[in-house]
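J.: Just to be clear, the model below is a prediction. Sequence and coordinates:
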Amino acid sequence: MLTSRQISGRDVSEVYVAEFLKGKSIAITGAGRGIGRAVALLCAAEGANVVVADYGVGMAGEDPTSEVADAVVKEIADAGGTAVAVADTVTSMEGGARIVQTAIDNWGRIDGVVCVAGILRERMLFNMAEDEWDPVVETHLKGTFTVFRAAAAAMKQQQSGTLIGFTSGAFAGSVAQANYSAAKGGIVSLVRSAAVGMHRYNVTANCIAPIARTRMSANVPMELAENGEPEDVAPMVAYLLSDAARHITGQVYTAVGGKIAVWNQPREVRAMYKDGRWTPDEIAARIDSTVGQERMAMIDRLEAMRQAAASGEKPNA
Ligand SMILES: NC(=O)c1ccc[n+]([C@@H]2O[C@H](COP(=O)([O-])OP(=O)(O)OC[C@H]3O[C@@H](n4cnc5c(N)ncnc54)[C@H](O)[C@@H]3O)[C@@H](O)[C@H]2O)c1
């Protein structure tokens, strides 16, 4: 790929050799739109052979069509890359297996899977119906498991591979998306379990918490303090899939615009002890001055937003 840049006010042309993922065999779910599509296009541009897996559904998971995955395969082929479409749902074990098997059938191995597929059905907890809970948890959490499961078996044989899940900052809590938040928290735990379980087989597992302008983020009812494009998220995914990132596992990375940040690992922060069993009244007498609680910053932010809205200002997230 030929690029041109300015050095000391002069145009300097240089050849950028796109081979960060040269020859790798990578399957990406949700690759038909938004962030998944940007990841698929970049992986192909960096020399990977790509399975474009997308069920082609509406934002709530409705009306599947194979045209969405086919369109991205065509985009990649038109740009000189190599890709194959799979229009299955990630929610079935057969779908997850087929996505991984398609890579193996075409290119002999599976070097990386990236589980981006997702849907939204927003509702306050006290109004949420079973058919709003189940499909969201099934698409995000089970849909990551089905692909990880199939890939992990093949990667154990290969003694190499990369598993990437997609979480969200909402895993830390969300007002009207308990289903989505719970699924995204589950993905973080699934990724950490994959990291510890697959470490001895030279397989890494990491999570991306993205923010980007897509149809999914378009209906957030407030201005986001940080935002960017799907193409801003893709390079971190490509890096994690590459040989340069073999030492990285069990991590959650935010990727938004020009920002990349790492999340902490959960751990106990304070403890109190007694010889033998506590009674409830003993706990009541001691806990505030010792263990206390870790305050949710989100509750403070929501309170500030409520006050801003009450005084007629546009709330910021
Ligand atoms: N956009 C953001 O700001 C943001 C923020 C946090 C997390 N995320 C996460 O990033 C991921 C991508 O989000 P996006 O904004 O690009 O969404 P998007 O709606 O643009 O794309 C999601 C894709 O997933 C596909 N899909 C849905 N259900 C599927 C299924 N059962 N099987 C296979 N494919 C299926 C859809 O057809 C769609 O093409 C999601 O997991 C989302 O939760 C996005």
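T.: In hand now; what should we look at?

J.: Find me the pLDDT at whichever residue of the chain sits closest to the ligand, would you?
T.: With CB to the nearest ligand atom, the shortest gap between the chain and the ligand falls at Gly34, namely 2.2 Å. Bear in mind the C-beta positions are built from the backbone N, C-alpha and C, glycine included. Gly34 is assigned a predicted lDDT (pLDDT) of 98.

J.: Next up, the contacts around it.
T.: By CB atoms under 8 Å, 6 or more residues apart in numbering, the contact set of Gly34 is 116, 212, 214-216, 230.

J.: at 6 Å instead, please
T.: 214, 230 (CB atoms under 6 Å, 6 or more residues apart in numbering).

J.: For Ala310, see how far away it is.
T.: Look at Gly34 and Ala310: by CB to CB, to the nearest Å, they are 34 Å apart.

J.: Which neighbours in the sheet does the longest strand that the chain contains have, and how are they oriented?
T.: If you go by DSSP state E, the chain has its longest strand at strand 203-210. Strand 203-210 has the following sheet partners, assigned by DSSP bridges: strand 161-166 (parallel), strand 252-256 (parallel).

J.: Name the residues that touch that strand?
T.: 35, 155, 161-169, 188, 191, 194-195, 233, 240, 249, 251-255.

J.: Per-residue pLDDT of the residue of the chain most remote from its centre, please?
T.: Within the chain, the residue lying farthest from the chain centre (CA atoms, centre = their mean) is Asp275, at 44.1 Å. On the pLDDT scale, Asp275 is placed at 97.

J.: got it, and Val220?
T.: For Val220, the model assigns a pLDDT of 71.

J.: Any idea how many residues pack against it?
T.: Residues lying near Val220 (other CB atoms under 10 Å) number 12.

J.: how about it, secondary structure?
T.: Following DSSP: H, G, I helix; E, B strand; the rest coil, Val220 is assigned to coil.

J.: That one and Glu122, how far apart?
T.: 10 Å.

J.: cool, and Ala44?
T.: 33 Å.

J.: ok, those two, which is more surrounded?
T.: Ala44 (26 against 18).

J.: Nearest residue to Gly258 in space, please, no chain neighbours.
T.: Spatially, and ignoring its direct neighbours in sequence, Gly258 is nearest to Asp232 (7.0 Å; CB to CB, 6 or more residues apart in numbering).

J.: Spell out which parts of the stretch 201-317 of the chain neighbour the ligand.
T.: Residues of the stretch 201-317 of the chain that fall close to the ligand, judged by CB under 6 Å from any ligand atom: 210-212, 214-217.
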